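1. Coordinates for the following, if possible.
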Amino acid sequence: MNKLFTTALLLLVLPAAHAFDIQRWRTAEGATVLLVERHENPIVDISVQFPGGGNVADLPGKNGVSDFAAALLTNGTAQYDEESFNQKINELAIYLNSDGNKESSSLTLRSLSRPTTLRRAGELMQQAIAQPRYDGEVFRRTRQQAELALKQNESNPAYIAQRESVKLDYPQHPYSASAYTSVQSLRAVSLDDVKAFHRNQYAKQGAVVALVGDLNRREADRLVSRLLKGLPEKAQSAARVPPVTEQAGRRTNIPFASEQAQVVLSMPLISRNDPDYFALVAGNYILGGGGFDSRLMKTLRDEHGYVYGVSSDLLPQREKGRFVIQFATQKSQAPQALNAAENVLRRFIAEGPTEAELQQAKDNIIGSFPLRFDTNQKLLGYLGMIGLYDLPADWLEQYPKKIEALTVEDVKNAWQRRVKPENLNIVVVGG
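-> The predicted model follows:
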């Protein structure tokens, strides 16, 4: 089949933005709401995100405060202890979860859209958001579990390599806060710290509420008002993330008793609103994101046999997120494998992709794109991302079109301007 025809067909079968009909508005209190109505099934998926509730707002010397504040939201409320709260969730047959990451914290709910069920589910979610119990015994148990998980991770050379590479990528920057988490910093966190963090960072203004499923705009508006009820109007101490500055790369070798060496090459590179976003994404697919089709895999695995697998990834954030190349190899081959990876990257930057490589990348990226939001829960994640980073409402519609419009020169130019091999930080654990 002709490649141009194949690509055109893929674009035709993509759900258009109007198929989603993303409704977007801001509440009087300053929360952003995004709604996609889907009435085929009697189910509603909801997420509520708080931009100030991420690791970037952790207290100095008390890394983990934000994670505890988020994790404990669904472990009881002022009205219900942990056991009673879980019993209510089971009675309603709903899913309710809370989580935190580098830039935000969130709660996610899945419920039947039956009015009585959704109302009661919303009440539980509202209590978790605005009136978390933060029980002392539950907090101590959770902190012990965090300590145990950290100790287990610290016996994993891949974890050590990633943690060290984050420190090198973001020296003296909030994005590296979680990389400095230690048993001591976890133990330094008190329950009062967790409660204060919640009071200071969880607020109506700036909250992002995404809804997908069997409800309309009027119903969604009322539900959002109920979900955020009881929160302060504004966060008391909004976490501000400074720009990430370019710097010369550094190298760290960490001894580790293992048969293989873990190698990570990384640098800050891509933001969510990056003007080169699509050129960087397509180029990364060709370089190391396309599995067995990628240049790194063909060279390091197929040609030299240094690795079983190697990949490159882009991790966009509000400010420059990371570009990462990672692999494991025999210790004796670590220098050669690292040199080969660097040479593949330099050649790709210098020459750019071939027409055939770019077409293959387009076909795969565009062809698989609808699978990223083929369920309500997947689409909910994208709505939350669009709201959190203030992306255009038609971002999902434009994504395949932007990829299809790329030329070889677009990709080559972006990678030559943005990716400087001398700025790569290199970490070798066990080499």
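
2. Tell me, please, where in the stretch 251-400 of the chain the pLDDT is lower than the cut-off.
-> Residue ranges of the stretch 251-400 of the chain with pLDDT under 70: none are present.

3. Spell out the residue ranges of the strands in it.
-> Remark: strands assigned in the stretch 251-400 of the chain by DSSP state E, counting those that start in this stretch are 251-254, 260-270, 310-315, 321-330.

4. partners of the longest one, with directions?
-> Each strand that pairs with strand 260-270, with its direction, by DSSP bridges: strand 321-330 (antiparallel), strand 425-429 (antiparallel).

5. now the first one
-> According to DSSP bridges, the neighbouring strands of strand 251-254, each with its direction, are strand 425-429 (parallel).

6. So what touches the partner strand?
-> Strand 425-429 has contacts (CB atoms under 8 Å, 6 or more residues apart in numbering) with 157-158, 160-161, 164-165, 168-169, 249-254, 256, 261-267, 334, 338. Bear in mind the C-beta positions are built from the backbone N, C-alpha and C, glycine included.

7. quick one, what contacts residue 195?
-> With contact taken as CB under 8 Å, 6+ apart, residue 195 is in contact with residue 134.

8. Model confidence for it, exactly?
-> Note on residue 195: pLDDT of 97.

9. Same question for the one 3 residues further on.
-> Note for residue 198: predicted pLDDT of 96.

10. go on, residue 15?
-> You'll see residue 15 listed with a pLDDT of 44.

11. tally of neighbours for the closest residue to residue 242 other than its chain neighbours?
-> Counting by CB to CB, 6 or more residues apart in numbering, residue 173 is the residue found nearest to residue 242 once chain neighbours are left out, at 6.9 Å. Neighbours of residue 173 under the rule other CB atoms under 10 Å: 19.

12. Could you check how far residue 173 is from residue 404?
-> Counting by CB to CB, to the nearest Å, the separation of residue 173 from residue 404 is 35 Å.

13. what about residue 417, which helix or strand?
-> Residue 417 belongs to helix 408-418 when elements are defined using DSSP states H and E.

14. Check residue 49 too.
-> strand 43-50.

15. just checking, next helix/strand downstream of that strand?
-> Following strand 43-50 in sequence, per DSSP H and E, is helix 65-71.

16. Name the residues that touch the helix or strand just after that next one?
-> Next helix or strand after helix 65-71 toward the C-terminus (DSSP H and E): helix 82-92. Contacts with helix 82-92, where a contact means CB under 8 Å, 6+ apart, come from 74-77, 80, 95-96, 111, 117, 120-121, 124, 128, 133, 135, 138.

17. ok, and for the helix holding residue 417, which residues are buried?
-> If you call a residue buried by 16 or more other CB atoms under 10 Å, then helix 408-418 has these buried ones: 408, 410-412, 414-415, 418.

18. any chance of the strands of the stretch 251-400 of the chain in CSV, plus mean neighbour count and distance to residue 64?
-> Shown next, in CSV, are the strands of the stretch 251-400 of the chain (neighbours: other CB atoms under 10 Å; distance: least, CB to CB, whole Å):
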stretch, mean neighbour count, distance to residue 64
strand 251-254, 14, 23
strand 260-270, 24, 23
strand 310-315, 19, 21
strand 321-330, 23, 21
